[in-house]
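Enquirer: Just need the structure, nothing else, for what follows:
(chains A and B)
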There are 2 protein chains.
Amino acid sequence: MTRKQLVENIKAKKSFLCVGLDTDPLKIPRHIAEGPDPIFNFNKAIIDATAPYCVAYKPNMAFYESFGAAGWDALERTVRYLKENYPDQFIIADAKRGDIGNTSKLYARSFFEHLDVDAITVAPYMGEDSVTPFLGYEGKWVILLALTSNKGSHDFQLIKDAEGTPLFEQVIEKSSKWAGPDEMMYVVGATQGRMFEDIRRVAPRSFLLVPGVGAQGGSLEEVVKYGMIDDCGLLVNSSRGIIYASSGEDFAERAGEEARKLRDQMAALLK
Amino acid sequence: MTRKQLVENIKAKKSFLCVGLDTDPLKIPRHIAEGPDPIFNFNKAIIDATAPYCVAYKPNMAFYESFGAAGWDALERTVRYLKENYPDQFIIADAKRGDIGNTSKLYARSFFEHLDVDAITVAPYMGEDSVTPFLGYEGKWVILLALTSNKGSHDFQLIKDAEGTPLFEQVIEKSSKWAGPDEMMYVVGATQGRMFEDIRRVAPRSFLLVPGVGAQGGSLEEVVKYGMIDDCGLLVNSSRGIIYASSGEDFAERAGEEARKLRDQMAALLK
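Expert: Coordinates of the predicted model:
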């Protein structure tokens, strides 16, 4: 999906919501968990209920990998279901991959050719030749980790060099020479508040994928205040707050309501 | 596997060789590629031919993921084959994972419970709570990326802070507070030569997993000279140089020969 298409979808839906499909069989409603094909059936119900209110879905690979081959299979069918029924949704594989060149090339093939998602999250630690193999696929995106939402983000991402530039800014500065803002986004946690100002200094035009609103305590208003740009430039993710809103028979309905609430807040903030 | 067992295996076999199972269906011999179950059958033949000369196997997840569910399945059967037939082999999932706490916990479950390998490679960028969920599994190991073998390792890993300490050293120093050298190893590329001296200053007792000998140009003698410690403390990986030594019918035999050559060099260096 091109940036233009993504921005059009955001405008049309008045939403920059991404729903995280962190499907954990220990947390999904019992009547689904005990039925046939629980991961796929849960995803399908969540997607049908939330699709009107969001522009993107982000399955986190860990949840599918924890079931090995069966988990991969459920993910493949989930992606296919999205593409066939909701082709305007931007699909992000939250994989945080990154390896030496010939190996990253294979990951790119898995995610962009085999699984055929729109974007993949990539970890920057191994540098340029671990990231560039994901580039150059038409309409596909790299979403590079910059400043994450977790406590451990402070361990290395904030380390300053001799000139006082923190690592996450160097990641953005260097990587912006590898790809422009029509092909690369950055992960910036909603928990980082005013740091969005620093991010916008080094990444004025990039889309930011923002996890950590809700369960992790980030504020949507702050993210918008310091992070929003002309064509929005934000995809705000919510996972647990939506998909586990209820563990009863009404889980999908309740997920839809939570997504709608966030969409309503977003619509007001988008203006 | 405990450190004691690993060191005993190294002494018994006079080898600290790890064979990288980077099984690429485009590179395996045609008679295998065109037959049934090519990934597993290639792995099985390589393992049977090389097991006498190595102490570890390292499948890189990218190669298996590039075939989605089918690739995962072939990997699961490869691991089972190793555990049933060569229980003294140390199995490393080269996955370079790392995510927020509850997600890393799921990756840990996939690799240590479902797949049941001995070790997993982990990327440090997201800090402590992305790494610690992999710890505390008895006999299981985290192998943290420190200084990798690729060109891009220079982009971020060598950035010095205000006191002149490069990032990879900070990764080792901080992470050594999360786990001791009986539970955590580090990835240090063979292409880094004398940098092994710096590594040994901050990680005097840790095992190092060393990729980059052979195809990537690293020298075994240099690695041993600057990196070996009392109980060896090294696992040197070779992938392409062994598993693709021949693309003919003799591929397994030739892989065995290449592994034996490396074992002979290692035996001489171990003394």
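
Enquirer: Every contact and neighbour count from this point should use C-alpha atoms.
Expert: Fine.

Enquirer: Let's verify A:V19: helix, strand, or coil?
Expert: strand (DSSP: H, G, I helix; E, B strand; the rest coil).

Enquirer: What residues does it make contact with?
Expert: A:T50, A:C54, A:A56, A:Y57, A:K58, A:N237, A:S238, A:S239, A:I242 (CA atoms under 8 Å, 6 or more residues apart in numbering or on different chains).

Enquirer: neighbouring strands for the helix or strand hosting the fifth one, and are they parallel or not?
Expert: Taking DSSP states H and E as the criterion, the element that holds A:K58 is strand A:56-59. Sheet pairing here is set by DSSP bridges, and for strand A:56-59 it gives strand A:17-21 (parallel), strand A:90-97 (parallel).

Enquirer: Give me the mean pLDDT for the longest one.
Expert: Think strand A:90-97. Across strand A:90-97, the average pLDDT comes to 97.

Enquirer: And for the first one?
Expert: Averaged across strand A:17-21, pLDDT comes to 98.

Enquirer: next SSE after it?
Expert: Next along from strand A:17-21, by DSSP H and E: helix A:30-33.

Enquirer: Now A:F16. Nearest residue, chain neighbours left out?
Expert: A:L235 (5.1 Å; CA to CA, 6 or more residues apart in numbering or on different chains).

Enquirer: isn't that neighbour right up against A:F207?
Expert: Yes. Using CA atoms under 8 Å, A:L235 is in contact with A:F207, at 7.3 Å.

Enquirer: Please enumerate the strands of chain A.
Expert: Per DSSP state E, chain A carries strands over the ranges A:17-21, A:56-59, A:90-97, A:119-122, A:141-147, A:184-188, A:208-210, A:234-238.

Enquirer: What are the contacting residues of the fourth one?
Expert: Which is strand A:119-122. So strand A:119-122 is contacted by A:90-98, A:111-112, A:131, A:140-145, A:187 (CA under 8 Å, 6+ apart).

Enquirer: Repeat the analysis, applying 7 Å as the threshold.
Expert: The contact list for strand A:119-122, computed with CA atoms under 7 Å, 6 or more residues apart in numbering or on different chains, reads A:91-98, A:140-145.

Enquirer: Could you list the buried residues of it?
Expert: A:A119, A:I120, A:T121, A:V122 (16 or more other CA atoms under 10 Å in any protein chain shown).

Enquirer: Just the CA coordinates for it, please, in CSV.
Expert: The C-alpha trace of strand A:119-122 is given here as CSV (Å, rounded to 0.1, in the frame of the first residue of the first chain):
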residue,chain,number,x,y,z
ALA,A,119,4.9,-3.9,6.4
ILE,A,120,7.3,-5.6,8.8
THR,A,121,8.9,-4.2,12.0
VAL,A,122,12.7,-4.5,11.9
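
Enquirer: That one: how far from the chain's middle?
Expert: Centroid separation between strand A:119-122 and its chain, computed with CA atoms, centre = their mean, to the nearest Å, is 8 Å.

Enquirer: which residues touch the longest helix along chain A?
Expert: Ranked by residue count, the top helix of chain A under DSSP state H comes out as helix A:251-270. With CA under 7 Å, 6+ apart as the contact definition, helix A:251-270 has outside contacts at A:14-17, A:45-46, A:49-50, A:53, A:242-243, A:245-246.

Enquirer: will you turn those into TSV that also has neighbour count?
Expert: Shown next, in TSV, are the contacts of helix A:251-270 (neighbours: other CA atoms under 10 Å in any protein chain shown):
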residue	neighbour count
A:K14	21
A:S15	30
A:F16	27
A:L17	27
A:A45	16
A:I46	22
A:A49	19
A:T50	25
A:Y53	25
A:I242	26
A:I243	29
A:A245	19
A:S246	17
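
Enquirer: Pull the most distant pair out of those residues.
Expert: A:K14 and A:S246 (25.1 Å; CA to CA).

Enquirer: is the residue nearest the centre of chain A in a bridge, and if so with what?
Expert: When CA atoms, centre = their mean is applied to chain A, the residue found nearest the centroid is A:K58 (4.9 Å). Beta-bridge partners for A:K58, by DSSP bridges, are A:G20.

Enquirer: I'm done for today, thanks for sticking with me.
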